[in-house]
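>>> Give me the fold of what follows.
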Amino acid sequence: MPPSLDASAVLAWCRLSLQALGRAREEIDAINVYPVADGDTGTNLYLTFESAAQAVEAVFDAHATAAASATRPTLPDVLRAMSHGALIGARGNSGTILAQLLRGMNEAVASPADAPERIGAAELRRALRIAAESAYDAVARPVEGTMLTVAVGAADAAEAATGGVDEVVRAAYAGARAALAATPGQLGVLRRAGVVDAGGLGLVAVLGALADAVTGDAPEQPLAGTDFRAGHTVPVEDEDLCPDDAVPDGPAFEVIFLLEAADSAVTLLRARLDALGDSLVVVGGDGLFHVHVHVDDVGAAIEAGIEAGRPYRIRVTHFADQTRPRTEPAHRAVVAVVRGDGLSELCARAGATVVAVRPGEQPASGEIAAAIRRAHALEVVLLPNDRDLRHAAGAAAEQARADGVRVALIPTRSAVQGLAALAVHEPSRRFDEDVVAMTSAAGATRYAELAVAEHRSWTSAGICQAGDILGLIDGDVSVIGTTLAGTATAVLDRMLAAGGELVTLIPGPDAPADLTAHIESHVREAHLAVDTVTYEGGQGTCPLLVGVE
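Reported below is the predicted structural model:
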């Protein structure tokens, strides 16, 4: 059978793209000068594609564990998952455009009622063209010499190719490389810096991975940005074709959010955001959109989103923090994964680099690895603060070690264990001694949390009813109660029966105002010589976290 693109090939494409972007990430970051020289394009592309790849892997895992395990996901299944994963995980300007490129491919293949199980050369040519066109449509003010230009170069070359899918993907890759090499002649800021477009270089890596997935042959020429740097002389016949597009006094903030809204509302939103700033990209459809814009007035941008629909996963980046010149690497840093604004602020004040996680989300390994790099240290102590993040944190640590960073992963399973470890952190100690002290402090801290039962079920403490308050100690249900205060005191009585000197209470935003005062009073009366300390956590996942040291 001649080569084609099916579900398995898409899975291979995802895995090979992550490998390619992982290898090229640092170089892509280094040549990132447009639209803002914030040095994160490679990282943003990697994180975006990691989210897409995880969605595809989840589809395959679901079929593997289903009762009818003989079934396999279809091509429309995996392209839809890939598109959605990229949409919700898109980072930065380049990642948002990449998400729309993948969405365009998905729409080209999955829109017909008789969507095929595999596609051939003609369908792939059409998919690459629609991807490029939809990306242009998503950008409010398209600029040539960017990854948009590279996407068109790939589509043009694919349309000119004869033969099967293998020839189309090879032609698309070659066309993308040629378009990338020409970008310094189209964008003045690139020519002056002597580099090609960073987002375009990332797209070349992704198309090279597609060629590899379909043909089984890695691209003949190694991917390296130095191949394209303007040591090549790029002819510029007319200076007007290569304008000065650098915007040194551009907007101060990058605002990104997901938006649930009607298509008609998004049309008005585009106009409002375009008037507020630049680098506007809005991708998505069917009620869910990913919005990216550079502005000076963050509040106005978010208000525009609220008027259009329901914005969430809002991220704001101050470019001054991103573009500030780096100093020499710090000797040691602590990276903590934290849920809740209060806990994030608390860990940041203690000197940690924070990976802030919103309720209901799980950070990807690439996001944690990016935080390790952001700490810019030779030695890093990593605190995942969640037992479910062991694999993601471990993968992030391995990525950082490959970059030459010495990383110690302390398997903290709760934020209270992370706080205990941070409390004894001492950078002046030898690295191993500091890790041992922090591990010991975390291990000596028992943790508990309260949760509200969503339905009737069996637990290790008996049968609970919907609405009951569950007290979990070290991850297991130990107490079933009817009130937050009563359950919390019962949990603490059990924990302190084995001894303890300090109780840490971290209420959630929806906890009653008098909850911690009631618990503190109970501890003073029932457990002499035990101190209590309370921090506002802001975590939305549970009404109360408890630690006993």
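
>>> what's Gln483 sitting at in phi/psi?
If you look again at residue 483, you'll see it is Thr, not Gln. Backbone torsions for Thr483, taken as degrees, to the nearest 10, come to phi -130, psi 150.

>>> Number of residues surrounding it?
For Thr483, the neighbour count with other C-beta atoms under 10 Å is 12. The way it works is simple: take the backbone N, C-alpha and C, and place the C-beta from them, glycine included.

>>> And the pLDDT for the closest residue to it other than its chain neighbours?
Distance criterion C-beta to C-beta, 6 or more residues apart in numbering; nearest residue to Thr483, sequence neighbours excluded, is Ile469 at 6.4 Å. On pLDDT, Ile469 comes in at 92.

>>> what do you get for the one 5 residues further on?
Model confidence at Asp474, given as pLDDT, is 87.

>>> measure it to Gly394 for me?
21 Å (C-beta to C-beta, to the nearest Å).

>>> Settle it for me: which of those two has more neighbours?
Gly394 (17 against 13).

>>> Let's verify the more buried one: helix, strand, or coil?
Following DSSP: H, G, I helix; E, B strand; the rest coil, we place Gly394 in the helix state.

>>> Run a quick neighbour tally on the closest residue to it other than its chain neighbours.
Closest residue in space to Gly394, ignoring its immediate chain neighbours: Leu409 at 6.3 Å, by C-beta to C-beta, 6+ apart. Per other C-beta under 10 Å, the neighbour tally for Leu409 reads 19.

>>> Gly404 now?
7.

>>> That one falls within a helix, correct?
No. Applying three-state DSSP, one finds Gly404 to be coil, outside a helix.

>>> For Arg272, see how far away it is.
Distance from Gly404 to Arg272, by C-beta to C-beta: 45 Å.

>>> And for Gly342?
For Gly342, the distance to Arg272 - C-beta to C-beta - is 32 Å.

>>> Could you tell me the model confidence score at Ile28?
At Ile28, pLDDT is 88.

>>> Now do the contacts for it.
Ile28 makes contact with Leu21, Thr41, Gly42, Leu45, Ala198, Leu201, Gly202, Ala205, Gly225, according to C-beta atoms under 8 Å, 6 or more residues apart in numbering.

>>> ok, and it, which helix or strand is that part of?
helix 7-30 (DSSP states H and E).

>>> Can you point out the buried residues in that helix?
7, 9-14, 16-18, 20-22, 24-25, 27-29 (16 or more other C-beta atoms under 10 Å).

>>> Over to stretch 119-127?
Applying 16+ other C-beta under 10 Å to stretch 119-127 flags Ile119, Ala121, Glu123, Leu124, Arg125, Arg126, Ala127 as buried.

>>> ok, which stretches of the stretch 201-350 of the chain are strands?
253-261, 277-285, 288-295, 309-318, 330-339 (DSSP state E, counting those that start in this stretch).

>>> now the ones you listed in a markdown table, with mean neighbour count and mean pLDDT?
Shown next, in a markdown table, are the strands of the stretch 201-350 of the chain (neighbours: other C-beta atoms under 10 Å; pLDDT from 0 to 100):
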| stretch | mean neighbour count | mean pLDDT |
| --- | --- | --- |
| strand 253-261 | 21 | 88 |
| strand 277-285 | 22 | 88 |
| strand 288-295 | 24 | 91 |
| strand 309-318 | 15 | 82 |
| strand 330-339 | 23 | 86 |
